[in-house]
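[1] give the three-dimensional model of this entry:
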Amino acid sequence: MSEIVSLPKLGTGFQQSNIDRNDPSVPEIHKHEAHHLATSDSNEYVEKKEDYSEDKVHPVDNDVFSLKEGQNIVLLNDGNPFPVDPNAPVEGQTLTFRAVFVGTVLGFIVGASNVYLGLKTGFTFGATLFGSIVGFAILKPLSIALPTRLGGGYFGPKENVTVQSAAGSAGGLSGLFVAAVPALYQLGLLTTPEKDIGSLIALSFITAFYGLFFAMPLRKYYILKQKLTFPSPTATAFTIRNLHSASTPAARKASSKKIKILGFSFLFSLIWTVLTKYAPGILWGWDFGWLFSQWGAPGAIALSNWGWSYQFTPAFHAVGFLTGPNAAFSWMFGAILSYAIIGPSLVATGQAYSPVIDESIGYHSNFAMSTVNLANGTTDPHRGTARYWLLWPGVLVMLIASFTELFLQAPMFYRIFRQLINNTRKTVGEKRGKDMSHITDIVPEGSEDPAPQSEQVATRTWMIGMVISVVTTMVVGKTEFGLNPGVSFLALILGFVFAFVGVNASGTTDTNPIGVIAKAGQLIIGGVTKGQGISVASAQRTSLIAGSVVGQSAAHSVDCVGDLKTGHLIGASPRAQFWAQLAGSTAGFAFAPALFLVFAKAYPCINDPTIDTCPFSLPAVSAWKAVAIAVSSPTLPVTLSSGMTAIGLAVVAALCHIGRFYAPPRYAIWIPNWNAVGLAFVVPQVYYAIAMSVGCIIAMIWERRRPATWEIWGFALAAGMIAGEGIGGVITALLVILNIDGSKYGTAVGCILNEYCG
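    Okay, the predicted model is just below:
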């Protein structure tokens, strides 16, 4: 019996639904899969929509979807591969140079975008869906235009999976360089990126492969046996299927339009991001507080003091398209709570310092992460700026919210581990000829691997890879960063354990909790090192490096399993995917630190906390740094009021997430997501929350008023906008290095104090 599930709002034809999966009025459907609606012409759907009556199941191309009056489409899938199209050409070799090369380059594009966006906001985005669409747009016409010897020949959905597998691995290794690595520099634990480039590559190397090798057994358990949904990878599989099954003129037209929209939005966003740096006060950011103060309302400068401005950022308007109202409005609520209510109250009551920039107009800055009283130059680790005060409630709220959700899933985790242990015991016992009938066979029926033996990854292959990864991590950790080999081994064990948590969370909720996984690793490692009597600097370095190994290895494993889910649904070769992922990881582990070197050279403020003005807010860096300081300090460097507020808000966060877990979906969406609320405390640039909320509102209105065009435009437009701004940021960094950027040739019109603000 298939479970009725609601896939998240991804813009690929899947729409958010408020249908309760436990609602007895929703019919139970015994069906192999449901088709992505965009396979049929969206206009045809609009014309026929009135024929769909309440609580009926309707076939679309021999597939099914469920519709209730006043609600959107619910797609159903029982976890088995899509049916084979008897009219489709038979694909030969799917692990091709063209697929791996194009996928790796597309992964680089998303990885570069992620470094830029991650340093700004702490957000990073997966490369697989972008890689699958753009890979199709590149290789499909080339496969027709070129002769076989030059890279032409049939390009089918299975080879498209190879593209997205390489893209996902190549683009998924930038997380280190938007969080832990800058934190190491800000704490003075490394020298300079130029001098440390070898160590940075080594760190990237030891986190690039362990999760990949461990993804193979996770595939067998979570994809073949548990048959978890994996919403985004499933959406990617539907997208690939639709791109290659455009059998009607209307379907081909829809696929072509999506590709053109993505390409146009990517180029527009890229060019816009670069050009606006030459006139940032006119084209990019409108600081209403400064403008109104110049137009006769001097008190309006208070808006500027707390960052309340509007920025025309394509990426975060697009993020609002994709996240839905709960996440977007929760972040907005957190921004109002932190930088419109609590922050100004702290300064007004003298509990936080407000550094003065221009007293004549009342212009202050509250965004420095400082414990220094700029009035007299003294340092007090228990007092600082409003941003420093707000950091601790934000970090604790995110931790408690994430751990609460994990705790609520504890019974499920218990069942999963119990099943895994029993399955292993039974398999091993039967191979030894023992009677294992006393152990219940809890392997779901139909969980056999549909891939032939020749297309599966041999057990010895991934096991040898895991052993090599473990040994390499211990050696590199000791020689490059002074880590105790036992601590490195513990970090890998934690990565192994948390990979189960991450894959299960991603497979059921489409959320990869890399943040809480990494923080949990930091806290556990910090507790271990406290008893070793090492110096504070060594404890902080160990916390950050080991936490990186935990978080990155688990996160990479989650990404790789998601790619394998896409391939499973398409019927692609797991072996081809494995080697494509290995190739992408091999290329990506050196690319990520090289890209970080570019940003660090262009923007020294990334690694130097004494530089007050920085175009990057570095929220993930601040959080990692704060946890490293906390676990290594004899006393916690937090003011009493900040600590008490953190505890109070953490209790509220836990209660809200318990309510979200048990409330019916139609009520749960109105309960704030405190992960997003806590993020607002850590990210001082409130214009991201504003842009995200505006994008969400636009998407909600668009989807309600013009659902057919939203089906075609939604994700493609958003994906291009996100990737375009990220690559525009990379180009801007190169222009800074070449000294031909906006600060040299641009204008400061519209900027506060008429000083360049790009």
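[2] every contact and neighbour count from this point should use C-alpha atoms.
    OK.
[3] so, low pLDDT: which residues of the stretch 451-600 of the chain?
    505, 508-517, 531 (pLDDT under 70).
[4] would you map the helices across it?
    Using DSSP state H, counting those that start in this stretch, the helices found in the stretch 451-600 of the chain span residues 459-481, 485-509, 514-530, 536-570, 574-602.
[5] what angle do the first one and helix 574-602 make?
    Orientation of helix 459-481 against helix 574-602 (axes from the mean of the first three to the mean of the last three C-alpha atoms, to 10 degrees) gives an angle of 20 degrees.
[6] just the pLDDT for I282.
    At I282, the pLDDT value in this model is 91.
[7] just the helices in the stretch 101-250 of the chain please.
    Using DSSP H, counting those that start in this stretch, helices in the stretch 101-250 of the chain cover 128-145, 157-171, 180-186, 197-206, 210-218, 231-244, 249-276.
[8] determine the set of other helices and strands touching the following helix or strand past the last one.
    The reference is to helix 249-276. Downstream of helix 249-276, the next assigned helix or strand under DSSP states H and E is strand 285-286. For strand 285-286, the packing partners by 3 or more C-alpha pairs under 8 Å, 6 or more residues apart in numbering; DSSP states H and E come out as strand 310-311.
[9] tell me the strands beside the strand it packs on, with direction?
    Sheet pairing of strand 310-311 (DSSP bridges) gives strand 285-286 (antiparallel).
[10] and whichever helix or strand comes after the strand it pairs with, how far from the chain's centre?
    The helix or strand immediately downstream of strand 285-286 is helix 288-294, counting by DSSP H and E. Centroid displacement of helix 288-294 relative to its chain, using C-alpha atoms, centre = their mean, to the nearest Å, is 36 Å.
[11] which elements pack onto helix 288-294?
    By 3+ C-alpha pairs under 8 Å, 6+ apart, helix 288-294 packs against helix 301-305.
[12] hang on, the earlier thing: so can I have TSV of the helices of the stretch 451-600 of the chain showing distance to L390 and mean neighbour count?
    Formatted as TSV, the helices of the stretch 451-600 of the chain follow (distance: least, C-alpha to C-alpha, whole Å; neighbours: other C-alpha atoms under 10 Å):
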stretch	distance to L390	mean neighbour count
helix 459-481	31	16
helix 485-509	28	22
helix 514-530	18	22
helix 536-570	22	28
helix 574-602	26	23
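[13] minimum distance to Q164: which of those has it?
    helix 536-570 (7.5 Å; C-alpha to C-alpha).
[14] and F616, its phi and psi?
    Main-chain torsions, F616, degrees, to the nearest 10: phi -110, psi 130.
[15] er, Y353 I mean
    Torsion angles, degrees, to the nearest 10, at Y353: phi -80, psi 150.
[16] same question, A352
    Main-chain torsions, A352, degrees, to the nearest 10: phi -140, psi 150.
[17] how close does it get to N504?
    41 Å (C-alpha to C-alpha, to the nearest Å).
[18] how about low-confidence regions in the stretch 251-400 of the chain?
    251-252, 368-383.
[19] tabulate the helices of the stretch 451-600 of the chain in JSON lines, adding columns for distance to R387.
    Formatted as JSON lines, the helices of the stretch 451-600 of the chain follow (distance: least, C-alpha to C-alpha, whole Å):
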{"stretch": "helix 459-481", "distance to R387": "31"}
{"stretch": "helix 485-509", "distance to R387": "30"}
{"stretch": "helix 514-530", "distance to R387": "20"}
{"stretch": "helix 536-570", "distance to R387": "22"}
{"stretch": "helix 574-602", "distance to R387": "23"}
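[20] and the protein, what are its domains?
    1-78, 97-251+408-606 (automatic domain parsing).
[21] redo these as CSV? Include distance to Q311.
    As requested, the domains of the chain are exported to CSV (distance: least, C-alpha to C-alpha, whole Å):
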stretch, distance to Q311
domain 1-78, 24
domain 97-251+408-606, 13
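[22] select, out of those, the one closest to A718.
    Using C-alpha to C-alpha, the domains of the chain put domain 1-78 closest to A718, at 8.4 Å.
[23] ok, back up a step: which one, of the domains of the chain, ends up nearest to A88?
    Using C-alpha to C-alpha, these put domain 97-251+408-606 closest to A88, at 8.2 Å.
[24] show me how far the closest one is from its chain's centre.
    Taking mean C-alpha positions (C-alpha atoms, centre = their mean), domain 97-251+408-606 and its chain are 12 Å apart.
[25] how about stretch 298-313?
    28 Å.
[26] buried ones in that stretch, by neighbour count?
    Residues of stretch 298-313 classed as buried by neighbour count (16 or more other C-alpha atoms under 10 Å): 300-313.
[27] with stretch 329-342 instead?
    For stretch 329-342, the neighbour count (16+ other C-alpha under 10 Å) marks 329-336, 338-340, 342 as buried.
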